[in-house]
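Asker: Sequence unavailable; structure follows:
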DNA sequence: CAGTGGTCTAGACCACTTC
DNA sequence: AAGTGGTCTAGACCACTGT
C-alpha cells in the first residue's frame, strides 16, 4: 500500500494546481483535513510539511496554511534535475551527441575521488547537448563501474539518469553543487557553438546515493546566454 | 523554554563538528538517543531530520544515520544568506558604498510588484560592495515602506538584513532566486571594476516573510570571476 | 534473528491569531 | 474564547539491514 501522507500530498498538489484553493487563500485546517482524509493530525502535518518544503504553501501559526504555489511563475524548483527532464519540460527540440565513452585514467584525480577499491574503473562520458540547432551544453560525467557496470551509446544519448533510476534501481540521496564562471577551454571552443562568448558557466556536482556513497561526479558547461538557475529556499526550522 | 528538538539538534551539530562521530561512521540509534536525551523517539527524529536537511547526516534504513558533514568542504550551504554574513565567513576586507537611497518611481514595474496598497512607497537602495580593494558586486534592493518604514545610510552601509531581523523583528519565510548571466549595463561599467569582463552574473530574488507576504526584491550583480554559488540538494520525501 | 529507521495513531499542552 | 499551527509523548506495526 502507498504511504498515506504521500497520497495526501499528491492529492493536495493536484487540488492546488486545479485551483481548488486560489493563491493566497487558506487550506482547510489540519484538524479538518485529518477528518476529511480519515487519518491522524501528525500524518496530515507530514503531508503539509512536504507541500511547504516544495513551495506550495506557507504555514502561518494561528492562521493556517496559505497557498503560494511558486510553480506558477518558474518551472524548475531547485534540486537534482536531469537534462532530459528539463528539455522535455521546456518542450525544446534537442539532441545529444556522445563524444567520448570509456574509462578514465587510473591515476586521474577524479578516479581517486570515486573509486572505493583498488582497480575499480571509472566511466568517462562526454556529451554535447544541442538545443534548437545550437550546441550549448558540454556535459562531462564520471561514474563508478561498481554502481554502473555497463553503459552503451544508446543509454548515453537518451538519459543516463533514467537508466540509473529505472533499470539499475539506484536511488539518489543527495547532491552537492557548485556554480562558477570560467574561461572556456580548448575543448569548449571545439565542441560548442560559443559565438564569441568569452565566459562559460560551469556547474560541478557530486551525487551521492541513499546509502551515502559517492557514485558520480559531473561537470556541466553552459554557454552563458542560455544558462538559468532557479532556486527556492526556505528557512528550515522543523 | 527552548524547543527540545532544536536543543538536541544544536548539541548533535556541535558533537559532529567536534568529531565525536567521524565522517562515514554511524550516530547512535534513534532508540539510544531517545534514552540519552530522555525524550520520545519522534522528538529525536525531528532533530535528526534537521541534521539530514542541513547536510550533516544521511539516514539509511536498517542501518542508521551516517555522518556526512558536507560543511567541511564548502562553507555556505545554499539558502538565504546576506552579504555581511558571507564576507565575515570568508574573513575578507570589505566595504560598502551607498550610491542611492530613496524611493522608487510610483509607476515603476517593481513598485507594482511590491506595493500592497495605493500610494505605498518603495525603498530603492543601490550599493557597491568592495572586496580586497576591488568593486565587485552591485546590489540593488527594493523594500516596501510598509515593513521597513525607515532606512539610514548607516544601516545600509552595515547590513540591512541585520536591521530587519533584529531591530524590526521581521522573520524571513522563503525566497525565490534566479541566476542568469547578462551583458553589463552602463551602470555596471560605471560603478564596478569590470576589468574587461564582458559578462555579469545576476542573482534576482524575491523574499517573502513568514506571513507569506512579499516584502523585498533584490538584484545582485557580480563580476563573473568572483562569483560562486554552492548548493546542497536532497531528495525530500519526508 | 535482533536492531535499525519509516509510518501512523490518539491524545496532550502550548503559542499565536482572530473575533 | 475559539480556532489555528507547533511541540511532545508512548506506543504500535512495518520494511529493511546485518548476522
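Answerer: Cool, the structure landed. Just so it is clear, the structure is predicted and the values come from calculations on it, not from any experiment.
Asker: Now do the strands in chain A.
Answerer: With strands called from DSSP state E, chain A shows them at A:57-60, A:64-67, A:94-103, A:122-131, A:134-144, A:172-182, A:200-209, A:214-222, A:228-234.
Asker: of all the residues in chain A, which ones are close to DNA strand C?
Answerer: A:3-6, A:38-43, A:46, A:60-63 (C-beta under 7 Å from any atom of the strand). C-beta coordinates here come from the backbone N, C-alpha and C atoms, glycine included.
Asker: Most neighbours among those, which one is it?
Answerer: Most neighbours among the residues of chain A next to DNA strand C, by other C-beta atoms under 10 Å in any protein chain shown: residue A:5, with 21 neighbours.
Asker: isn't that residue right up against residue A:51?
Answerer: No. Between residue A:5 and residue A:51 there is no contact under C-beta atoms under 8 Å: 10.6 Å.
Asker: where does chain A dip in pLDDT?
Answerer: Scanning chain A for pLDDT under 70 picks out the ranges A:1, A:72-90, A:236-238.
Asker: can you give me how far stretch A:49-67 is from the chain middle?
Answerer: Between the centre of stretch A:49-67 and the centre of its chain there are 23 Å (C-alpha atoms, centre = their mean, to the nearest Å).
Asker: Likewise for stretch A:104-121?
Answerer: For stretch A:104-121, the distance to the chain centre is 25 Å (C-alpha atoms, centre = their mean).
Asker: and that stretch, how far apart are its ends?
Answerer: 7 Å (C-alpha to C-alpha, to the nearest Å).
Asker: ok so, going back, need the strands of chain A in a markdown table (columns: distance to chain B).
Answerer: Shown next, in a markdown table, are the strands of chain A (distance: least, C-beta to the nearest C-beta, whole Å):
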| stretch | distance to chain B |
| --- | --- |
| strand A:57-60 | 4 |
| strand A:64-67 | 4 |
| strand A:94-103 | 20 |
| strand A:122-131 | 16 |
| strand A:134-144 | 13 |
| strand A:172-182 | 4 |
| strand A:200-209 | 6 |
| strand A:214-222 | 9 |
| strand A:228-234 | 4 |
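Asker: Same list (these) but as JSON lines, adding distance to residue B:111.
Answerer: Below are the strands of chain A laid out as JSON lines (distance: least, C-beta to C-beta, whole Å):
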{"stretch": "strand A:57-60", "distance to residue B:111": "23"}
{"stretch": "strand A:64-67", "distance to residue B:111": "23"}
{"stretch": "strand A:94-103", "distance to residue B:111": "39"}
{"stretch": "strand A:122-131", "distance to residue B:111": "36"}
{"stretch": "strand A:134-144", "distance to residue B:111": "36"}
{"stretch": "strand A:172-182", "distance to residue B:111": "31"}
{"stretch": "strand A:200-209", "distance to residue B:111": "32"}
{"stretch": "strand A:214-222", "distance to residue B:111": "33"}
{"stretch": "strand A:228-234", "distance to residue B:111": "24"}
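Asker: Figure out which of the ones you listed is closest to residue B:158.
Answerer: Taking C-beta to C-beta, strand A:228-234 is the member of these nearest to residue B:158, at 23.1 Å.
Asker: So which elements touch the closest one?
Answerer: Other elements packing on strand A:228-234 under the criterion 3 or more C-beta pairs under 8 Å, 6 or more residues apart in numbering or on different chains; DSSP states H and E are strand B:172-182.
Asker: how far does the strand it packs on sit from the chain's center?
Answerer: The answer for strand B:172-182 is 10 Å, by C-alpha atoms, centre = their mean.
Asker: Do that strand and chain A come into contact?
Answerer: Yes. Interface with chain A: strand B:172-182 contributes B:172-181 (C-beta under 8 Å from any C-beta of the partner chain).
Asker: how about that strand: buried residues?
Answerer: B:172-181 (16 or more other C-beta atoms under 10 Å in any protein chain shown).
Asker: cool, and stretch A:3-21?
Answerer: A:4-5, A:8-9, A:12-13, A:16, A:21.
Asker: what does stretch A:211-220 give?
Answerer: Burial within stretch A:211-220, assessed by neighbour count using 16+ other C-beta under 10 Å, is assigned to A:212-220.
Asker: farthest pair in these?
Answerer: A:212 and A:220 (23.2 Å).
Asker: Residue A:21 - nearest residue in space that isn't next to it in sequence?
Answerer: Once flanking residues are discounted, residue A:21 sits nearest to residue A:67: 5.0 Å by C-beta to C-beta, 6 or more residues apart in numbering or on different chains.
Asker: That neighbour - how many residues pack around it?
Answerer: As a burial measure, residue A:67 scores 22 neighbours (other C-beta under 10 Å).
Asker: Would you confirm that it contacts residue A:56?
Answerer: Yes. Using C-beta under 8 Å, residue A:67 makes contact with residue A:56 at a distance of 6.9 Å.
Asker: anything in contact with each of the two?
Answerer: Common neighbours of residue A:67 and residue A:56, using C-beta atoms under 8 Å, 6 or more residues apart in numbering or on different chains, are residue A:16.
Asker: OK, now which residue of chain A is nearest to DNA strand C?
Answerer: Residue nearest to DNA strand C within chain A: residue A:62 (2.4 Å; C-beta to the nearest atom of the strand).
Asker: Just give the closest residue to residue A:142, not the sequence neighbours.
Answerer: Of all residues not flanking residue A:142 in the chain, residue A:217 sits nearest, at 4.5 Å (C-beta to C-beta, 6+ apart).
Asker: Quick check: bridge partners of that neighbour?
Answerer: Beta bridges link residue A:217 to residue A:142, residue A:206, judged by DSSP bridges.
Asker: what do you get for residue A:230?
Answerer: residue B:178.
Asker: on that earlier part again, just the closest of the residues of strand B:172-182 next to chain A to DNA strand D, please.
Answerer: Nearest member of those to DNA strand D, counting by C-beta to the nearest atom of the strand, is residue B:173, at 10.6 Å.
Asker: burial of residue A:71, as a residue count?
Answerer: Residue A:71 has 16 nearby residues by other C-beta under 10 Å.
Asker: you'd agree it is up against residue A:23?
Answerer: No. With contact defined as C-beta under 8 Å, residue A:71 and residue A:23 do not form a contacting pair (10.6 Å).
Asker: quick one on the thing from earlier: considering only the buried residues of stretch A:211-220, which also neighbour DNA strand D?
Answerer: Of these, not one also sits near DNA strand D (C-beta under 7 Å from any atom of the strand).
Asker: got the buried residues for stretch A:19-37?
Answerer: Buried residues in stretch A:19-37, counted by 16+ other C-beta under 10 Å: A:21, A:27, A:30, A:33-34, A:37.
Asker: Walk me through the domains of chain A.
Answerer: According to automatic domain parsing, chain A comprises the domains A:4-72, A:83-226.
Asker: For residue B:142, find the nearest of those.
Answerer: Closest to residue B:142 of the domains of chain A is domain A:4-72 (C-beta to C-beta; 19.2 Å).
Asker: Return the distance of the closest one from the chain's centre.
Answerer: The chain centre lies 24 Å from the centre of domain A:4-72; the measure is C-alpha atoms, centre = their mean.
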